[in-house]
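**Q** Predicted structure and sequence below. I'll ask about it afterward.
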Amino acid sequence: MIKCGRCGNLNAGDVLFCQYCGTRLVEQRLLSWGVPRSKLVRIPIGVDLDLFRPATAAERHEARAHYGISDDQLVIGSFQKDGIGWDEGLEPKMIKGPDILIETVARVMQNRSVFVLLTGPARGFVKRGLNRLGVPFAHDYVSDYRALMNRYAALDIYINPSREEGGPKGIIEAMAAGVPVVTSAVGMAPELVRPDETGQLVPPDDPDALAAAILEIDARPDIRTRIVSTARAAVDCCNWQNVAKRHYEEVYRPLMIMRS
């Protein structure tokens, strides 16, 4: 019989190693499928908090000037892959909510001058929708992960319209970078986002709620200030240094001491 150094009670025919999951949602799903709790390790997705930090006023000005963004435009960011495949992405990956993103922007633009900044591959469906709305946007797919910080610096709000997620990493990066987050209540969002404190959380598949939350942050400097001042501390648990240590201590080290 082989035993796991962590749970110590594996018999022949059992799952050999403990299962890693990044969110409570996934953890509960695995439990419902019959995976014993003793074999689950929940560790959040990690980000580099030295890289992702609030931008200075000069960095923000430079980032917005790069895209020709005017002072009166509300800049909404969406940094993800939401198209099927790795080509143009005209076929949407609906679980990521690209249709919800377009509908949300359509509602916001009725009250506010909007600019949308996109990164990530396969964004063709969203770009086509924004063109149809007549919304100015830029799609800047960066090859160097470190360059994302400059893109966050241009944003007023980061939006996650997904119907389901394992993360997403974008909301953690945005919170660390001092960008208010408006997100559907999926993946890690309910564990990190406290409404009116560290961001805004809305039900999935609800562009009306997403748009209302965006406009409230835009109209309420007090809420924006509170979110920016508290969100970074909320994602300290995702600091790569902490996450790496937990992976070693709770996942890899037990495997190294497995014994027969």
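**A** In hand now; what should we look at?
**Q** Do you know the pLDDT at residue 162?
**A** Here the pLDDT value assigned to residue 162 is 98.
**Q** which residues touch it?
**A** Listed by Cβ atoms under 8 Å, 6 or more residues apart in numbering, the contact set of residue 162 reads 80, 95-97, 168, 183-184, 186-187, 204. In this view, the C-beta of every residue, glycine as well, is placed from N, C-alpha and C.
**Q** which among the residues you listed gets closest to residue 223?
**A** Nearest to residue 223 out of the contacts of residue 162 is residue 183 (Cβ to Cβ; 15.1 Å).
**Q** Which secondary structure state is assigned to the nearest residue to residue 178 once chain neighbours are set aside?
**A** Leaving aside its sequence neighbours, residue 178 sits nearest to residue 54 (Cβ to Cβ, 6 or more residues apart in numbering; 3.1 Å). The local conformation at residue 54, judged by DSSP: H, G, I helix; E, B strand; the rest coil, is coil.
**Q** Likewise for the one 10 residues further on?
**A** At residue 64, secondary structure determined by three-state DSSP is helix.
**Q** cool, and residue 183?
**A** Residue 183 - assigned by three-state DSSP - is strand.
**Q** State the distance from it to residue 126.
**A** Distance from residue 183 to residue 126, counting by Cβ to Cβ, to the nearest Å: 17 Å.
**Q** As a check, name the ranges of all helices in the stretch 1-150 of the chain.
**A** Ranges of helices in the stretch 1-150 of the chain, per DSSP state H, counting those that start in this stretch, are 24-32, 57-66, 98-108, 124-133, 148-152.
**Q** Compare the mean pLDDT across those helices and name the weakest.
**A** Ranked by mean pLDDT, those bottom out at helix 24-32, with a mean of 82.
**Q** And the contacts of that helix?
**A** So helix 24-32 is contacted by 19, 21, 37, 40, 42, 166, 186-187, 190-191 (Cβ under 8 Å, 6+ apart).
**Q** re the thing from before, and residue 252, which of the helices of the stretch 1-150 of the chain is closest to it?
**A** helix 24-32 (19.0 Å).
**Q** what's the spacing between the closest one and its chain's center?
**A** Computed by Cα atoms, centre = their mean, to the nearest Å, the chain-centroid distance of helix 24-32 equals 19 Å.
**Q** Kindly state the domain boundaries assigned to this protein.
**A** What automatic domain parsing lists as the domains of the chain is 1-46+239-260, 57-236.
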